[in-house]
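**Student:** give me a 3D structure for the following:
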Amino acid sequence: MSTFEGVFVNDQWLQSQFTQVELRKLRTKFISARNQSGTVTIQDLPPVLAKLKPFNEVANQDEVNRMLSDSYSNLAKELDFEAFLRVYLNLQSRASAKMGTSKTFRTTSSFVKSGTTLLRHSISETEKASYVSHINNYLGEDKFLKDFLPLDPSTNALFDLAKDGVLLCKMINVAVPGTIDERAINTKKVLNPWERNENHTLCLNSAKAIGCTVVNIGTQDLVEGRPHLLLGLISQIVKIQLLATVDLKKTPELAAMVEDSKEAEELMGLAPEKVLLKWMNFQLKKSGYKKEVTNFSSDLKDGEAYAHLLNVLAPEHGTTKTLETKDPTERAKLVIEQAEKLDCKRYVTSKDIVEGSTNLNLAFVAQIFQHRNGLTIDKTKSSFAEVMTDDESTSREERCFRMWINSLGVETHVNNVWEDVRNGWVLLEVLDKLAPGSVVWKQASKPPIQMPFRKVENCNQVVRIGKELNFSLVNVAGDDIVSGNKKLIIAFLWQLMRFSMLQLLKNLRTHGQGKEITDADILQWANMKVKQSGKRQMDSFKDKRLSDGIFFLELLSSVEKRVVNWGLVTKGDTEEDKKLNATYIISVARKLGCSIFLLPEDILEVNPKMILILTASIMYWSLLQKSKGDEEDRPPDEPEDNAPEEEEGNAAMDEDGSDQMTEETNANNNE
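**Tutor:** This next block holds a predicted model:
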């Protein structure tokens, strides 16, 4: 049994906005705000909030009271802990605006992470113009969007169009084709609030599934068309699209930049941005350019690196005039003209280059790479790429776990699971997120780690915590992770993902605190839900009949009747029909609110690990709706947070009125 208890709330998005330290502190403040009747109302909050950051930096108690009065009409409204957190976030945003851009404070709601970039509330008009151009170029012929395009970059048309969610879903499909089954997108000319919210939910869950960081964004932010958040999300989607081919698997010619398999392995572990810089310097070296480009900002401001790069890549368009020009702005203009001869659309202006716009320079270099990378396949080195290529199943699992880890909002961004987990640090971050208090940080070493034994120490602690969480880790040591044993790494990550899902189910108020959820509970719950419609059951998470997708569509329909359009469902008799159903299932589940990272192939092949997570995610969403209903009906004096409930309702099948548990071996889940 796990002994690590944290503060959990039912809303996953709300949970992601805070660290455990912040949640514990805020829960203490919430309790201290209780009035004589034992409840907390909005009018009880000013004395408490005025002492917290960022409010204590910009407002006194009276000003906090005024902000609350401006935001809420009913100050006598009673709050539970989750409602208190939402009030806190709302006021935090107002305080951020009051502070302006001259000051900053730590808040997950004030920034949008996009790789290595942080976007403030103020937006870049040149970035907006570039992304509008990108949208007009790639979606101008879309059957639905062509009535709204082209957009005018000088207006707010981009943010207005994004409010119904269709544009963002379409952009995700351009970035990573096939991510969203477009049959699941609501594309009526006029959407009702429920349909609009579905689109945004589908968008955010799909964005996470392709590698975007969206822990700071909720559906309401998109409905309201908040420019800084929308632009931050759009920039990530565009970046993923432009960097899609900057990868040794997709562009084997990159092997020309390495000398041996060890360097190829290191290249595989680099972020796409780092690979792009490595490629740029590799080409610049050919031209005799002496400086090293280390970023997409200050190192490119004078335009010299661009001039040398284009002369190497496109000698037929080469000119000495660009380098002879002394004025950086004039040189930047000539660089852009030369790039356009390679059919590179204009992502940057001369001003963007001179001012060192990181996002736009990155986009510009990525586009040059796409059109002319200047690399040739060296037969003596092409084997490096082949050695580094996993089989399809292993590659899918690596992608799934990578996207899942990045969706958790941990500090370290994972670019390649096999390389990035070997020092143990990111695994410790994930463990601390999922089992708060489990990591002894004094005994951990943060990268970069020079001494090999420090990596082993980190990984030994990872294994120790895993055993305390009852993971199956027989004969597994930290050195196995350090050495990059893929089979063991996958087994450990699978158990981490499963633990996370089971913890979410365990902490739902409908089940009571402390009730452990098993795989058998999830199987029984799913069968009970589908049985109500008189449909077939699944024997296990390995049941090959699941490949046609009908069971999951029945399950989704049973928890929300409106979410499945049965007119789009096939009988699943052929492989093509099965795949259509599988892609539809994933999009419908995300549209409902499930955060899942599997691919259609996982359903077609009936991958038991991914089938379990899919089923558990649907179960969590369904029971969360019931839990929210219970929250609304709960008497004011009922204990708010982490309070044990009556014995009745502890069973995992409580929603369906059954408390009988079946037993099923879980050995296959730890393979």
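**Student:** hey, where'd the helices end up in the stretch 201-350 of the chain?
**Tutor:** With DSSP state H, counting those that start in this stretch, the ranges of helices along the stretch 201-350 of the chain come out as 219-223, 227-242, 261-268, 272-287, 304-313, 321-324, 328-340, 350-355.
**Student:** make a markdown table out of the ones you listed and add mean pLDDT.
**Tutor:** Converted to a markdown table, these look like this (pLDDT from 0 to 100):
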| stretch | mean pLDDT |
| --- | --- |
| helix 219-223 | 86 |
| helix 227-242 | 92 |
| helix 261-268 | 79 |
| helix 272-287 | 92 |
| helix 304-313 | 92 |
| helix 321-324 | 86 |
| helix 328-340 | 91 |
| helix 350-355 | 90 |
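**Student:** I550: which of these is closest?
**Tutor:** Taking C-beta to C-beta as the criterion, helix 219-223 is the member of those that comes nearest to I550, at 29.1 Å. For every residue, glycine as well, the C-beta is placed using N, CA and C.
**Student:** C-alpha coordinates for that closest one, PDB please?
**Tutor:** Listed in PDB are the C-alpha atoms of helix 219-223, where the atom choice follows Å, rounded to 0.1, in the frame of the first residue of the first chain:
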ATOM      1  CA  THR A 219     -11.800  25.200 -22.100                       C
ATOM      2  CA  GLN A 220     -13.200  28.400 -20.800                       C
ATOM      3  CA  ASP A 221     -10.000  30.200 -21.800                       C
ATOM      4  CA  LEU A 222     -10.500  29.100 -25.300                       C
ATOM      5  CA  VAL A 223     -14.200  29.900 -25.300                       C
END
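**Student:** buried sites along it?
**Tutor:** Neighbour-count burial for helix 219-223, counted by 16 or more other C-beta atoms under 10 Å, picks out T219, D221, L222, V223.
**Student:** over to stretch 269-280?
**Tutor:** G269, L270, A271, P272, E273, V275, L276, L277, K278, W279, M280.
**Student:** any idea how the chain splits into domains?
**Tutor:** The chain breaks down into these structural domains: 12-98, 125-243, 252-386, 392-505, 519-630 (assignment by the TED database).
**Student:** show me where the stretch 451-600 of the chain has helices.
**Tutor:** If you assign secondary structure with DSSP H, counting those that start in this stretch, the helices in the stretch 451-600 of the chain sit at 452-468, 478-482, 486-506, 519-531, 550-559, 575-592, 600-604.
**Student:** how about those in JSON lines, adding mean neighbour count?
**Tutor:** As requested, the helices of the stretch 451-600 of the chain are exported to JSON lines (neighbours: other C-beta atoms under 10 Å):
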{"stretch": "helix 452-468", "mean neighbour count": "19"}
{"stretch": "helix 478-482", "mean neighbour count": "19"}
{"stretch": "helix 486-506", "mean neighbour count": "19"}
{"stretch": "helix 519-531", "mean neighbour count": "21"}
{"stretch": "helix 550-559", "mean neighbour count": "22"}
{"stretch": "helix 575-592", "mean neighbour count": "22"}
{"stretch": "helix 600-604", "mean neighbour count": "20"}
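**Student:** of all those helices, which one is nearest W566?
**Tutor:** Nearest to W566 among these is helix 550-559; the distance by C-beta to C-beta comes to 7.7 Å.
**Student:** contacts for the closest one, please.
**Tutor:** Contacts with helix 550-559, where a contact means C-beta atoms under 8 Å, 6 or more residues apart in numbering, come from 526, 529-530, 532-533, 535-536, 538, 545-546, 563-564, 566, 569, 571-572, 581, 584-585, 588-589, 592, 603, 614-615, 618, 621-622, 625.
**Student:** what score does E655 have for pLDDT?
**Tutor:** As summarised for this prediction, E655 has a pLDDT of 36.
**Student:** ok, the one 10 residues further on next?
**Tutor:** According to the model's per-residue confidence, T665 sits at a pLDDT of 32.
**Student:** now do D391
**Tutor:** Taken from the predicted model, the pLDDT recorded for D391 is 64.
**Student:** picking that back up, can you lay out the helices of the stretch 451-600 of the chain as JSON lines showing mean pLDDT?
**Tutor:** As requested, the helices of the stretch 451-600 of the chain are exported to JSON lines (pLDDT from 0 to 100):
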{"stretch": "helix 452-468", "mean pLDDT": "95"}
{"stretch": "helix 478-482", "mean pLDDT": "94"}
{"stretch": "helix 486-506", "mean pLDDT": "92"}
{"stretch": "helix 519-531", "mean pLDDT": "93"}
{"stretch": "helix 550-559", "mean pLDDT": "94"}
{"stretch": "helix 575-592", "mean pLDDT": "96"}
{"stretch": "helix 600-604", "mean pLDDT": "95"}
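**Student:** out of these, which is closest to E392?
**Tutor:** By C-beta to C-beta (comparing all of the helices of the stretch 451-600 of the chain), the closest turns out to be helix 600-604, at 7.7 Å.
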